[in-house]
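Enquirer: When you get a sec, could you give me coordinates for this:
(one chain, ligands or ions: 3)
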Amino acid sequence: MHTLGRLHLITDTRPGRDTLTVVAAALRAGFDTVQVRPEDDVTDRAAYELTVRVLELCRAGGATCLVNDRLHVALAAGADGGHVGADDLPVAAARRILGPGAVLGATARNPRAARQAVADGASYLGVGPAFATTTKTGLPDAIGPAGVRAVVRAVDVPVVAIGGVTAARAAELFAVGAHAVAVVSAVNSAVDPGAAAAEFAALVSR
Ligand SMILES: Cc1ncc(COP(=O)(O)OP(=O)(O)O)c(N)n1
Ligand SMILES: Cc1nc(C(=O)O)sc1CCOP(=O)(O)O
Ligand SMILES: [Mg+2]
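Expert: Ligands and ions are numbered 1, 2, ... in the order given. Okay, the predicted model is just below:
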């Protein structure tokens, strides 16, 4: 039985980003999960090579390594699991590919979708956007802490709140029952990613 971490760093692989340096700093500060999320135009080869390097950092730091969308990359690299959403493989198919012991996250934006994803084999749910974000386009309106709480109440798997999460706002999400938060810009775009990550770590170490 895998115990899911409470602080998920999602990689930022846009040009000009020093992805691995940020991952290392976040892990040192106390992040316990890294989701490798290559941009869509990144080749499988590059996604695999990035995952292998992130996985090395995660193993050294005792953290969980997940791969977004590309489950074959997760399997090939030996990562702990993957995350799928509405445009990816269906949750049940993802579970068949990853096997029964893997961590499998699924995006769910409301209680009905959440219950279905769990029935299909998700071991955690990514729920959002909690707040407005510019990191991903095409998202629906923010669901806020109340929307996160509605999903928390509907399922018995960990809920990972995502979207516009900052250290200042994370406490609101934990307060409504989110098990974890997942962040891109709050750490990757910070002037000092290690210091930004430490602000999150302080919230969960109390
Ligand atoms: C923890 C977490 N929650 C939600 C998502 C979003 O997944 P998806 O809807 O498939 O969108 P992309 O990230 O693939 O663009 C996530 N990655 N992680
Ligand atoms: C990748 C992603 N998925 C979301 C969802 O709601 O499904 S929000 C999001 C981007 C999160 O980035 P940031 O922490 O910079 O807001
Ligand atoms: Mg996806």
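Enquirer: for the residue in the chain that ligand 3 sits nearest to, what are its contacts?
Expert: Using Cβ to the ion, the closest approach of the chain to ligand 3 is made by residue 85 at 3.7 Å. No exception for glycine: its C-beta is placed from N, CA and C like everyone else's. When contacts are counted by Cβ atoms under 8 Å, 6 or more residues apart in numbering, residue 85 touches 69, 106, 107, 126.
Enquirer: Now, the residues you listed that are in strands?
Expert: 106, 107, 126 (DSSP state E).
Enquirer: Tabulate those (JSON lines), appending pLDDT, neighbour count and distance to ligand 2.
Expert: Formatted as JSON lines, the ones in strands among the contacts of residue 85 follow (pLDDT from 0 to 100; neighbours: other Cβ atoms under 10 Å; distance: Cβ to the nearest ligand atom, whole Å):
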{"residue": "106", "pLDDT": "98", "neighbour count": "28", "distance to ligand 2": "11"}
{"residue": "107", "pLDDT": "98", "neighbour count": "21", "distance to ligand 2": "5"}
{"residue": "126", "pLDDT": "98", "neighbour count": "25", "distance to ligand 2": "6"}
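Enquirer: Show me which of these is closest to ligand 1.
Expert: Using Cβ to the nearest ligand atom, residue 126 is the member of the ones in strands among the contacts of residue 85 that lies nearest ligand 1, at 1.9 Å.
Enquirer: how about the closest one, what does it touch?
Expert: 83, 85, 105, 106, 107, 108, 160, 162, 182 are the contacts of residue 126 under Cβ under 8 Å, 6+ apart.
Enquirer: Quick one: these as JSON lines, columns for distance to residue 65 too.
Expert: Formatted as JSON lines, the contacts of residue 126 follow (distance: Cβ to Cβ, whole Å):
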{"residue": "83", "distance to residue 65": "11"}
{"residue": "85", "distance to residue 65": "19"}
{"residue": "105", "distance to residue 65": "12"}
{"residue": "106", "distance to residue 65": "18"}
{"residue": "107", "distance to residue 65": "19"}
{"residue": "108", "distance to residue 65": "22"}
{"residue": "160", "distance to residue 65": "15"}
{"residue": "162", "distance to residue 65": "17"}
{"residue": "182", "distance to residue 65": "14"}
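Enquirer: Sounds good, over and out.
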